[in-house]
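Kindly return the folded structure for what I paste below:
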Amino acid sequence: MRIHLGGSSRQSLVAARAALDVAVKGASAASASELSSHLFAAADLFADNTSVRRAITDPARDKAAKAALVKDLFTKSTGTLAVSLLSELSGLRWSATKDLVYATEQLAIEAEASAANIAGELDRVEDEFFETSRLVADNFELRKALVSVGSTEAKSALIAEVLGKKASASTIKIASALVASLRGRSIEAAFADYLFGLANRRNRLIAVVRTATALTDAQSKRLATVLEKNVGQPIRINVQIDPTILGGVSIKFADELVDGSVVNRLANAGRALVGQSA
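Numbering: from 1, shown residues only. You can find the predicted model right below:
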């Protein structure tokens, strides 16, 4: 993974992403984007306030007390969706207090990626953001202006002006958040972190389907409909033809594997027979 979290923080980020899946399920693009804004703001607060960060990541502190602290901090300024997600984050274990900042930032990026996906623009946003990273790397004067001492508002305004009317709203929003929150990283490292977050969300919205023979268009549409109903967001299906599975379908989606292939069913039957004869 691009952000280097170790120990319990790594597992907590996995759990946090699952919680984000639930939060954006069935949400509108506007709601997912609003959630992203609130999470970016929370990441900034955690980064700027060491005592709050320590209180929320203290493993000895009661989960209910930490959730109450989150509500006290964010209820007046943050939507219920973000407060609920941040409360879940407070109940997870973090190896280092700073890990909470980067995990919250990653969730903010992925929430905006979900907004773009709902609007049918996730591929566009990824392409635009990568092009923006190259533009900054190749333009000495622009890079200098974005990493020099100055107000975050001015830097966000500058990148928005550079991207102009050609870029999507999601691209401008994420790029503005990046230049305002380098937090000691080089701007190249920050772009890599943000591109990782975008790619991770895209990967969670792709279903890899293995079949012995090609699916018809009608079968692909029915499968997509079933998966989208379960996820509450548009998804992409990548079909892989694999004659070794003999028949049936194996579906890998996010962190789940649904293996209905003939080979897997035969293997399960064989294990059952072995168990009966033991």
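
domains for the protein, by residue range?
Listed by automatic domain parsing, the domain ranges of the chain are 7-203, 205-277.

my read is Ala214 is in a helix, agree?
No. Using DSSP: H, G, I helix; E, B strand; the rest coil, the assignment for Ala214 is coil, not a helix.

Would it be right to say that Asn238 lies in a helix?
No. Asn238 sits outside any helix when classified using three-state DSSP, being strand.

What score does the residue positioned nearest the centre of the chain have for pLDDT?
When Cα atoms, centre = their mean is applied to the chain, the residue found nearest the centroid is Glu110 (3.1 Å). In this model, Glu110 is scored at 95, pLDDT.

Please name the residues that touch Phe40.
Glu105, Ala108, Ala177, Ser181 (Cβ atoms under 8 Å, 6 or more residues apart in numbering). To be clear about C-beta, it is placed using only N, CA and C from the backbone, and glycine gets the same treatment.

secondary structure class for it?
Assigned by three-state DSSP, the conformation of Phe40 is helix.

What's the separation between it and Thr75?
Phe40 sits 18 Å away from Thr75, going by Cβ to Cβ, to the nearest Å.

and if you look at Ala214?
Using Cβ to Cβ, we find Ala214 at a distance of 52 Å from Thr75.

what's the answer for Ser168, then?
Counting by Cβ to Cβ - Ser168 and Thr75 are separated by 31 Å.

Compare the two (neighbour count), which wins?
More crowded of Ser168 and Thr75, by other Cβ atoms under 10 Å: Ser168, with 18 against 12.

circling back to that earlier point, in contact with the residue nearest to the centre of the chain: list those residues for me.
Glu110 touches Arg17, Leu20, Gly197, Leu198, Asn200, Arg201, Arg204, counting by Cβ under 8 Å, 6+ apart.

Next secondary structure after the host helix or strand of Asn117?
Element membership of Asn117 [criterion: DSSP states H and E] is helix 97-118. For helix 97-118, the succeeding helix or strand toward the C-terminus, using DSSP H and E, is helix 122-138.

so what secondary structure elements neighbour that next one?
Judged by 3 or more Cβ pairs under 8 Å, 6 or more residues apart in numbering; DSSP states H and E, the packing partners of helix 122-138 are helix 97-118, helix 140-147, helix 152-163, helix 169-180, helix 187-204.
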